[in-house]
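Colleague: with the input below, show me the fold.
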Amino acid sequence: MSESPAMHAEIAVHREELAALCRRYGVRRLEIFGSAARGTDFDPKTSDADFLVEFDRGGAHGPLEQFFGFAEALEKLLGRSVDLVEREALEQSENYIRRRGILADAETVYE
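Modeller: Here you go, the predicted structure:
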């Protein structure tokens, strides 16, 4: 992983809890991107954490509960604001510059 030292430490400390949340909310894959992945402009005191997520559908949670429940659980676990983006939506985005930039930064946290 190449995320910033601060995010790397947070993820490492919470690795088991992150995996448990992913299983609970039916997450197939979770990736971090943006400043937390680049590490060059991440401020541990003020920066949020940006995640790409792929969900398995048809589990115990409906799509809205799955998305918002997982985002809220991540914020609570990490103690910071979280922006959650579904990978499928990003891949279908017509903004190829944004899509390419995010995917270039993305680092897998859970799979």
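
Colleague: only C-alpha atoms for contact and neighbour calcs from this point on.
Modeller: Will do.

Colleague: low-scoring stretches of this structure, by residue?
Modeller: 1-9, 38-41, 43-44, 46 (pLDDT under 70).

Colleague: do a quick rundown of the strands in it.
Modeller: 27-33, 49-55, 82-86, 107-110 (DSSP state E).

Colleague: now do the contacts for the residue positioned nearest the centre of the chain.
Modeller: The residue lying closest to the centre of the chain (CA atoms, centre = their mean) is Phe51, at 2.2 Å. Counting by CA atoms under 8 Å, 6 or more residues apart in numbering, Phe51 touches Leu30, Glu31, Ile32, Phe33, Val82, Asp83, Leu84, Val85.

Colleague: hang on, the fourth one packs against Ala106?
Modeller: Right, the one you point to is Phe33. Yes. In this structure Phe33 lies within contact range of Ala106 using CA atoms under 8 Å: 4.4 Å.

Colleague: overlap in contacts of those two?
Modeller: Common contact partners of Phe33 and Ala106 (CA under 8 Å, 6+ apart): Leu52.

Colleague: so how far is Phe33 from Ala104?
Modeller: Distance, Ala104 to Phe33, by CA to CA, to the nearest Å: 8 Å.

Colleague: okay, the two: which has more neighbours?
Modeller: Neighbour tally, Ala104 and Phe33, criterion other CA atoms under 10 Å: the higher count belongs to Phe33, 22 against 13.
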